[in-house]
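Novice: turn this into a model:
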Amino acid sequence: MTNDNVLVIGGGAAGFFAAIVVARTYPETRVTILEAGSEPLAKVRISGGGRCNVTHACFTPAALVPNYPRGGKELRGAFSRFQPKDVVAWFAAAGVELKTEADGRMFPVTDDSGTIVDCLVEAATAAGVKCRTKAPVVGVEFGEDSRFEVVLKSGESWQADRLLLATGSNPLGYRIAEKLGHQIEPPVPSLFTFNVRDRRLEDLAGISVASVRASLPQANLEQTGPLLITHWGVSGPAILKLSAWGARFLHEQRYQATLMINWVPQYKPDPLREALLAAKEDFVKKAIGTVNPFSLPRRLWERLLAAAAITPEQRWAEISKKSLQQLQTELTQSQYQILGKGVFKEEFVTCGGVNLKQVNFKTMESRICPGLYFAGEILDIDAITGGFNFQSAWTTGWLAGQAIGAGGRGD
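Specialist: Residues are numbered from 1 along each chain as shown. Take a look at the predicted model:
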């Protein structure tokens, strides 16, 4: 394979990682990254609030794949070959130690994404990878000689025996892939908050509940986790996960849908009813607004009482069984109208991209165009927040790097 040319379009996490793997494993292969921006790894630098959530402390493929609304099935085998423990080991060998936070997210001990950027740049340089910045690609041709011609905006032309597309969610990558015969699943936002205007939530911004069950009944989707009430509606892990799984449904609905919230998911219907009746017996003379058996934030509790036509001043003894039934419904089946989507500032993720059936996940090579490989977010893969999207980039980049350097061909 002496002097074989490998071109990587896209200088992000997946592109850099793949380039390093090629150059280290197959040192006689010439590897060049073409990056449109003035600096490589720009998204890595700003990720995780500038700390870079490198991966997640989730060390079995079976536990990893449920965090991927799209791509989990295809990634299961891929994770058996390169998973978070391998990422931790790779960075440790490069002198970068990762730490695990309480929620499982893993960051560099420096809490500085620059540590990860510098590590990748230094590793690429040491391996002989060339990186051309300010080199936007405008087109790719696949010739009869099975070589790729990559044309830059400057008019410059590059030849490659093998080509890796690691362009993230940039439309350019989709256009190139489509031109080379691939089906593109339309990209739509995946992680976002919900805009909700409802009297029950007015002026409650900043209030959080440790565990709710949020669902989209029309789509038969639900997620459990913390919820945060915001100025514009609702956010938090439960909502973000629900937005990820419901991304296409919500897009089709133009982000107008019914959201159902169970504020006390730890209770099944009968035990919840019993808890309410027990409170009625135990706190006969106390105002219902002052005694909250479910440890919900006081102001939220009062709003839910009001929605059940109960005033906070009423004593528990005065609450009718019918009112308790209404309260139980409000606690477990509160319905809110989603009026639009908000933004999730820490991470912008899309679902959509190259159809996964057209990619061999053993090598990340195209099943349509020999010598063409994919890695990262250009694929129709996305994950919930927590380092899982980066893990997909590392894994697909590693697999692509191994196969590209070997001149691997899809089955």
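
Novice: can you classify G401 by secondary structure?
Specialist: Recorded secondary structure, G401: helix (DSSP: H, G, I helix; E, B strand; the rest coil).

Novice: the stretch 101-250 of the chain: strands as residue ranges?
Specialist: Remark: strands assigned in the stretch 101-250 of the chain by DSSP state E, counting those that start in this stretch are 105-108, 130-132, 137-142, 148-152, 157-160, 162-165, 184-189, 194-196, 208-216, 221-229, 233-235.

Novice: looking at these, which is buried most?
Specialist: Comparing the strands of the stretch 101-250 of the chain by mean neighbour count (mean count of other C-beta atoms under 10 Å), strand 162-165 ranks first with a mean of 29. C-beta here means a position set from N, CA and C on the backbone, and glycine is covered the same way.

Novice: sheet partners, orientation included, of that strand?
Specialist: Strand 162-165 sits in its sheet next to strand 5-9 (parallel), strand 372-374 (parallel), going by DSSP bridges.

Novice: average pLDDT for stretch 343-362?
Specialist: When pLDDT is averaged over stretch 343-362, the result is 84.

Novice: no wait, stretch 130-146
Specialist: Stretch 130-146 comes out with an average pLDDT of 95.

Novice: list of residues touching that stretch?
Specialist: Stretch 130-146 has contacts (C-beta atoms under 8 Å, 6 or more residues apart in numbering) with 9, 11, 30-40, 121, 124, 148-154, 156, 161, 163, 172, 176, 179-180, 369-372.

Novice: quick one: it to chain centroid distance?
Specialist: The chain centre lies 29 Å from the centre of stretch 130-146; the measure is C-alpha atoms, centre = their mean, to the nearest Å.

Novice: alpha carbons of that stretch, in CSV - could you do that?
Specialist: In CSV, the C-alpha atoms belonging to stretch 130-146 read as follows (Å, rounded to 0.1, in the frame of the first residue of the first chain):
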residue,chain,number,x,y,z
LYS,A,130,-1.4,16.5,7.1
CYS,A,131,-4.2,18.9,7.9
ARG,A,132,-5.2,21.6,5.5
THR,A,133,-7.5,24.3,7.0
LYS,A,134,-9.4,26.9,5.0
ALA,A,135,-9.8,24.2,2.4
PRO,A,136,-13.6,24.0,1.7
VAL,A,137,-14.5,21.2,-0.7
VAL,A,138,-17.0,22.0,-3.5
GLY,A,139,-17.2,18.7,-5.3
VAL,A,140,-16.1,15.1,-5.5
GLU,A,141,-15.9,12.8,-8.6
PHE,A,142,-15.5,9.1,-8.7
GLY,A,143,-13.5,8.2,-11.8
GLU,A,144,-13.4,5.1,-14.0
ASP,A,145,-10.0,4.3,-12.4
SER,A,146,-11.7,3.9,-9.1
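
Novice: any idea how far N262 is from the nearest residue to A214 once chain neighbours are set aside?
Specialist: Spatial nearest neighbour of A214, chain neighbours left out: A238 (4.5 Å); criterion: C-beta to C-beta, 6 or more residues apart in numbering. Relative to N262, A238 is positioned 10 Å away (criterion: C-beta to C-beta, to the nearest Å).

Novice: more neighbours: the two, which one.
Specialist: Comparing A238 with N262 by other C-beta atoms under 10 Å, the one with more neighbours is A238, at 24 against 19.

Novice: show the contacting residues for the more buried one.
Specialist: 211-214, 223-227.

Novice: mind putting these into TSV with pLDDT?
Specialist: Listed next are those as TSV, based on pLDDT from 0 to 100:
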residue	pLDDT
S211	98
V212	98
R213	98
A214	98
Q223	97
T224	97
G225	96
P226	97
L227	98
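
Novice: take those and write them to CSV, including distance to T311.
Specialist: Output for the contacts of A238, formatted as CSV (distance: C-beta to C-beta, whole Å):
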residue, distance to T311
S211, 27
V212, 24
R213, 27
A214, 28
Q223, 33
T224, 31
G225, 32
P226, 29
L227, 25
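
Novice: which one of the residues you listed is nearest A78?
Specialist: Distances from A78 to those, taken as C-beta to C-beta, are shortest for Q223 (24.4 Å).

Novice: in which helix or strand would I find the closest residue to V188 other than its chain neighbours?
Specialist: Excluding the flanking residues, the one nearest V188 by C-beta to C-beta, 6+ apart is H251, at 4.2 Å. Taking DSSP states H and E as the criterion, H251 maps to helix 247-252.

Novice: repeat for T258
Specialist: Applying DSSP H and E as the criterion places T258 in strand 257-262.

Novice: from the contact counts, what lies against that strand?
Specialist: For strand 257-262, the elements it packs on are strand 208-216, strand 334-341, judged by 3 or more C-beta pairs under 8 Å, 6 or more residues apart in numbering; DSSP states H and E.

Novice: out of those, the one nearest R51 is which?
Specialist: Set against R51 and scored by C-beta to C-beta, those come closest in strand 208-216, at 21.5 Å.

Novice: which residues sit against that closest one?
Specialist: If you take C-beta under 8 Å, 6+ apart as the criterion, strand 208-216 is touched by 221-229, 234, 236, 238-239, 242, 246, 249-250, 257-263, 265-266, 296-297, 300.

Novice: who's W158 bridged to?
Specialist: Assigned bridge partners for W158, using DSSP bridges, are V150.
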